[in-house]
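S.K.: turn this into a structure:
(2 chains)
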Amino acid sequence: MTDVPVKIEHEGKWVVVQASIGEDRITFPAPANKEVIFKSVFDLEEKKSILIIAVKGTPDTVIRLASVEKVLIVLKRLILAGCNAYRLMAYFMSPAIRGGVLAKNAQWEKGSIVVVKTGIWFVSASKQICIPLKDVAAIELTQRDVQGKQTDVVRIDHVESGEVVSSLVLCPLSTLQVLSNYLKDATKGMDMKGNELDAIGQQVAMLVYSGMDSHAIENMLNLPHKQLDEIYDRIIKLGIAEVVIIRREVQLTTKGVRYISDATKTQTNSN
Amino acid sequence: MGTILIVDDTLFMRTLLKNILFSGGHAIAGEAANGEEAIAKYKELKPDLVTMDVVMPKVNGIEALKAIKEFDPAARVIMCTAVGQEQMVKLAIKSGAKGYIVKPFQAPKVLEEVKNVLAS
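M.R.: Numbering: from 1, shown residues only, chains lettered A, B, ... in the order given. As a prediction, the model looks like this:
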């Protein structure tokens, strides 16, 4: 057993305790008085350096804890190695593409893929990357050139801080198919038929994806403001976009016109 | 900041790239809708950088890249293609491409790649 300082959420407050980490469990002393056996963990999330551990039991419990990065790395490694999850040994490349640009120095890493209830973890000797399932935008069984040979891989696209990031997983084809099917099933709530939007709607969605604002979209597609608004309504209703900012267009009142006229005169006179 | 030649067979993608590059402070040297036009425009305009679609009619992007590099070995070309065609990367890099972007792309990342290639 190794003792490490952690902050654990207890009765709505964060308390500092010396957690004891063993090979198959972690124990939190009073006032938390909790024990987590790794094999009963069915979900692990990480949000802003807070680990959220879901433990099977009667009833299921959720434990939130924070600590220094070094401790969290050890905890994640132990939990992911021992938890109740779909786990496979694989090579992965994450990120492979970020925002449409190939990631520099992207390399295949040997490690494991651990699929828990709400996310996919890529774990190697140097990395612990979690992709929440709710952020998975696409899953595709495809082929990539690996050491000069066309090889089957699974490509997982996910949204991270507004950027679309692609990761690749490489392992035997039968395992890839199982992984691909599992992930498709877990994210099928986001599937669309593909014909929900007409051509102009698709172009607008593509421009939004590329980071264009309403003004740029109107100019690029030569769309009147009202028509763009209607398309926005449609894509928002379909759940493929959300409102992030509402801007206003204004025109000057008579008082405003007078103000500007006066200001111009002052400038002209002073020049 | 640099002058950029945009090569893509679809007006939509050219317009999108034009907007992205313009927003990043770059000047658009010109546009071409196929590889043949791209080679001619490169020789005429001598831009600082070219964004080149891979799949195009007449002369494709890889052939156009090779021709441009033959004319100007220092040419900076960023290849641009659809998702799933990343296997073209190796061929493009071998043919002298300095960078690679995959459609659909996001403006900040495109600008970052352009900046890196212009600095190279």
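S.K.: please make it C-alpha for all contacts and neighbour counts, starting now.
M.R.: Noted.
S.K.: these two touch, right, residue A:32 and residue A:7?
M.R.: No. Contact criterion CA atoms under 8 Å: residue A:32 and residue A:7 do not qualify, at 10.1 Å.
S.K.: name the helix or strand for the residue nearest the centre of chain B, please.
M.R.: Geometric centre of chain B, nearest residue: residue B:51, 1.3 Å, by CA atoms, centre = their mean. Assigning secondary structure by DSSP states H and E places residue B:51 in strand B:49-53.
S.K.: what's that strand packed up against?
M.R.: strand B:3-7, helix B:61-71, strand B:77-82 (3 or more CA pairs under 8 Å, 6 or more residues apart in numbering or on different chains; DSSP states H and E).
S.K.: now the residue nearest to the centre of chain B: how far from chain A?
M.R.: Distance of residue B:51 to chain A, given as CA to the nearest CA, to the nearest Å: 13 Å.
S.K.: check residue B:26 too.
M.R.: 16 Å.
S.K.: and that residue, what pLDDT?
M.R.: Note on residue B:26: pLDDT of 94.
S.K.: now the end-to-end length of stretch B:23-33.
M.R.: For stretch B:23-33, the first-to-last residue distance is 22 Å (CA to CA, to the nearest Å).
S.K.: give me the nearest residue to the residue of the stretch 151-271 of chain A found nearest chain B, chain neighbours excluded.
M.R.: At 4.1 Å from chain B, residue A:210 is the closest residue in the stretch 151-271 of chain A, using CA to the nearest CA. With sequence-adjacent residues excluded and distances taken as CA to CA, 6 or more residues apart in numbering or on different chains, residue A:210 is closest to residue B:106, at 4.1 Å.
S.K.: list the contacts of the one you found.
M.R.: Residue B:106 is in contact with A:99, A:100, A:163, A:164, A:209, A:210, A:211, counting by CA atoms under 8 Å, 6 or more residues apart in numbering or on different chains.
S.K.: hmm, try it at 7 Å
M.R.: For residue B:106, the contacting residues are A:99, A:100, A:209, A:210, A:211, by CA atoms under 7 Å, 6 or more residues apart in numbering or on different chains.
S.K.: close to chain A, is the helix or strand of chain B with the lowest mean pLDDT?
M.R.: When the helices and strands of chain B are scored by mean pLDDT, DSSP states H and E, helix B:88-94 comes last with a mean of 81. No. Helix B:88-94 is not in contact with chain A by CA under 7 Å from any CA of the partner chain; minimum separation 8.4 Å.
S.K.: for the following helix or strand past that helix, packing partners?
M.R.: Toward the C-terminus, helix B:88-94 is succeeded by strand B:99-103 as the next helix or strand (DSSP H and E). If you count contacts as 3 or more CA pairs under 7 Å, 6 or more residues apart in numbering or on different chains; DSSP states H and E, strand B:99-103 packs onto strand A:101-102, strand B:77-82.
S.K.: and those strands: which comes nearest residue A:184?
M.R.: strand B:77-82 (21.8 Å; CA to CA).
S.K.: off-centre distance for the closest one?
M.R.: In terms of CA atoms, centre = their mean, to the nearest Å, the centre of strand B:77-82 is found 6 Å from the chain centre.
S.K.: go on, stretch B:45-57?
M.R.: 4 Å.
S.K.: please apply the same query to stretch A:53-63.
M.R.: In terms of CA atoms, centre = their mean, the gap separating the centre of stretch A:53-63 from the centre of its chain is 23 Å.
S.K.: check contacts around residue B:34.
M.R.: B:7, B:8, B:9, B:56, B:57, B:58, B:59.
S.K.: one step back: could you dump the contacts of residue B:106 to TSV with secondary structure and distance to residue B:118?
M.R.: Formatted as TSV, the contacts of residue B:106 follow (DSSP: H, G, I helix; E, B strand; the rest coil; distance: CA to CA, whole Å):
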residue	secondary structure	distance to residue B:118
A:99	coil	19
A:100	coil	18
A:209	helix	25
A:210	coil	21
A:211	coil	22
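S.K.: ok, and the most crowded of those residues?
M.R.: residue A:100 (28 neighbours; other CA atoms under 10 Å in any protein chain shown).
S.K.: show me what contacts residue A:3?
M.R.: Residue A:3 touches A:18, A:19, A:20, A:21, counting by CA under 7 Å, 6+ apart.
S.K.: not counting residues beside it along the chain, what's closest to it?
M.R.: Spatial nearest neighbour of residue A:3, chain neighbours left out: residue A:20 (4.4 Å); criterion: CA to CA, 6+ apart.
S.K.: can I assume that neighbour sits in a strand?
M.R.: Yes. Looking at residue A:20 with DSSP: H, G, I helix; E, B strand; the rest coil, it is inside a strand.
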